[in-house]
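Enquirer: Have a look at this fold, sequence not included:
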């Protein structure tokens, strides 16, 4: 089933592969931020200078911004990949020749578009 559906990815393969990578980097950054804060708190309890606090602050800001960028990029590539996959899947379903005799029961019900084919496929044309 997944192999059959994966054929509809086609030109959106780059976005489909890039999305989980971007999400993984975002999650790693989000998980690392509390550890950096914990190290900052430990340094402050040990009596650190203002330079150490500034370095940790800059590192936290950079990590936050990078996490935001990777999250936005992941959302964008995810939207592109899913919309493209849906477009290709509708096209594949529309042009796929049915061999299971679905039209034999009601020969007057022929789809006019890909969306009509999807409705037919789900049995809405027969009133089920």
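Expert: Nice, I can see it. Note that the structure is predicted; figures quoted are calculated from it, not measured.
Enquirer: Name the nearest residue to the residue nearest the centre of the chain, ignoring sequence neighbours.
Expert: When Cα atoms, centre = their mean is applied to the chain, the residue found nearest the centroid is residue 78 (3.3 Å). Excluding the flanking residues, the one nearest residue 78 by Cβ to Cβ, 6 or more residues apart in numbering is residue 19, at 4.7 Å. Placement of C-beta: from N, CA and C, glycine included.
Enquirer: same thing with residue 30?
Expert: Nearest to residue 30 is residue 67, by Cβ to Cβ, 6+ apart, at 5.5 Å.
Enquirer: so the one you found touches residue 22, yeah?
Expert: No. In this structure, residue 67 is not within contact of residue 22 by Cβ atoms under 8 Å, at 10.7 Å.
Enquirer: hang on, the earlier thing: for the residue nearest to residue 30, give me its contacts.
Expert: Shown in contact with residue 67 (Cβ atoms under 8 Å, 6 or more residues apart in numbering): 26, 29-30, 33.
Enquirer: Going through the residues you listed, which ones are buried?
Expert: Applying a neighbour-count criterion of 16 or more other Cβ atoms under 10 Å, the buried members of the contacts of residue 67 are 26, 29.
Enquirer: nearest to residue 3, of the contacts of residue 67?
Expert: Out of the contacts of residue 67, the one with the shortest distance to residue 3 is residue 26. That distance is 28.8 Å, counting by Cβ to Cβ.
Enquirer: what pLDDT, on average, does the helix or strand where the closest one lies get?
Expert: Mapping residue 26 onto the secondary structure by DSSP states H and E places it in helix 13-46. Model confidence over helix 13-46 averages 95 on the pLDDT scale.
Enquirer: In it, which residues are buried?
Expert: Under the neighbour-count criterion of 16+ other Cβ under 10 Å, helix 13-46 has 15-16, 18-19, 22-23, 25-26, 29, 40 buried.
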